[in-house]
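# Task: produce atomic coordinates for the following.
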Amino acid sequence: MPDSRQRSLVPDEFDGHLPRHRHNLTREQVKQSQSARIINAAIELFASRGYAATTVLDIVKRAGVSRKTFYELFDTKEAVIVAAYRAFDTFLRDAGMTASNNTSLTTPEQLRELVRALLTLLGAYPAGARMFFLEVLGAGDDVRRRRAAAITQFTDVLGLPLQHLRASLDPGLPPLDAILVRGLVGGGMEMIVDHLVHHEPGTIADLTEDVTHLILGVTAPRHEAPR
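So this is what the prediction gives:
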């Protein structure tokens, strides 16, 4: 679990400060640092100014790189969002948010804690939360496709645990259909979007009870979510 709301989503081993003179860094190390700076700068700008209002020039100024460097690494600012999604995938895996790590879900209390952990994780990166849940809605087709892939990813993460939860709480019910799990993910994401319109990203975990209630209402409707 992240321990700072100021930490960048994409790690940069040089913390944005490459040596100015001769050094022994490989070209790949330099590119990785520059790419991280560009992605992190773009996330901050998309969150604060909006995707449409942010230009490539804005991004390179914030990242401290040249336009030439930007276009050596990314074709468009849309490509930066797609790269940020890939980084977020890695971040979720590193945080243990995978299907294999959450298969033992058998009680409403465990569901509530899983929901809280995921929402807290999202809230720990306020700029990232605003970008991924608000600004991507106005981006291009590549980003919309990547958003759809992210929904599929969350569906996969939750599918097996929710099957275990249903089997534990209501064994007489049929297996949970994948389309229902996807609907839960979509509904949860819309709840986050609505929350971000009215509240600060760092408060996303305040949705824990409501999201838990939604999921439990579909997965095991005869059981109340813990309050």
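
# Now for residue 139: which residues touch it?
51, 78, 81 (CB atoms under 8 Å, 6 or more residues apart in numbering). The way it works is simple: take the backbone N, C-alpha and C, and place the C-beta from them, glycine included.

# go with 10 Å
Taking CB atoms under 10 Å, 6 or more residues apart in numbering, we find residue 139 in contact with 46, 51-52, 76-78, 81-82, 131, 146-147.

# Now, those residues that are in helices?
46, 77-78, 81-82, 131, 146-147 (DSSP state H).

# looking at those residues, which has the most residues close by?
When neighbours are taken as other CB atoms under 10 Å, the top entry among the ones in helices among the contacts of residue 139 is residue 46 (29 neighbours).

# Compute the distance between it and residue 168, please.
41 Å (CB to CB, to the nearest Å).

# Equivalent analysis for residue 202, please.
33 Å.

# which stretch of helix or strand covers the residue positioned nearest the centre of the chain?
The centroid of the chain falls nearest to residue 88 when counting by CA atoms, centre = their mean (5.3 Å). Using DSSP states H and E, residue 88 falls within helix 77-94.

# and that helix, what other elements does it pack with?
helix 27-49, helix 56-63, helix 67-73, helix 108-123, helix 126-133, helix 141-169 (3 or more CB pairs under 10 Å, 6 or more residues apart in numbering; DSSP states H and E).

# now that helix and helix 27-49, what's the angle there?
100 degrees (axes from the mean of the first three to the mean of the last three CA atoms, to 10 degrees).

# tell me the mean pLDDT over helix 77-94?
What helix 77-94 shows for mean pLDDT is 84.

# Using PDB, write out every CA atom in it.
What follows is helix 77-94, C-alpha atoms only, in PDB (Å, rounded to 0.1, in the frame of the first residue of the first chain):
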ATOM      1  CA  LYS A  77      -0.300  13.100 -25.600                       C
ATOM      2  CA  GLU A  78      -2.900  10.400 -26.000                       C
ATOM      3  CA  ALA A  79      -0.100   7.800 -26.100                       C
ATOM      4  CA  VAL A  80       1.100   9.100 -22.700                       C
ATOM      5  CA  ILE A  81      -2.300   8.200 -21.100                       C
ATOM      6  CA  VAL A  82      -2.000   4.700 -22.600                       C
ATOM      7  CA  ALA A  83       1.400   4.400 -21.100                       C
ATOM      8  CA  ALA A  84       0.100   5.600 -17.800                       C
ATOM      9  CA  TYR A  85      -2.500   2.900 -17.900                       C
ATOM     10  CA  ARG A  86       0.200   0.300 -18.300                       C
ATOM     11  CA  ALA A  87       2.100   1.800 -15.400                       C
ATOM     12  CA  PHE A  88      -1.100   1.600 -13.300                       C
ATOM     13  CA  ASP A  89      -1.400  -2.100 -14.200                       C
ATOM     14  CA  THR A  90       2.000  -2.700 -12.800                       C
ATOM     15  CA  PHE A  91       1.200  -0.600  -9.700                       C
ATOM     16  CA  LEU A  92      -1.900  -2.700  -9.000                       C
ATOM     17  CA  ARG A  93       0.000  -5.900  -9.300                       C
ATOM     18  CA  ASP A  94       2.700  -4.600  -7.000                       C
END
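
# Going by neighbour count, list what's buried in that helix.
77-85, 87-88, 91-92 (16 or more other CB atoms under 10 Å).

# what's residue 85 in contact with, if anything?
131-132, 136, 143, 146-147, 149-150, 153.

# Distance of it relative to residue 68?
25 Å.

# ok so, going back, how about the buried residues of helix 77-94 in TSV, adding distance to residue 57?
Compiled in TSV, these are given as follows (distance: CB to CB, whole Å):
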residue	distance to residue 57
77	10
78	16
79	16
80	13
81	17
82	20
83	19
84	19
85	23
87	23
88	25
91	28
92	31
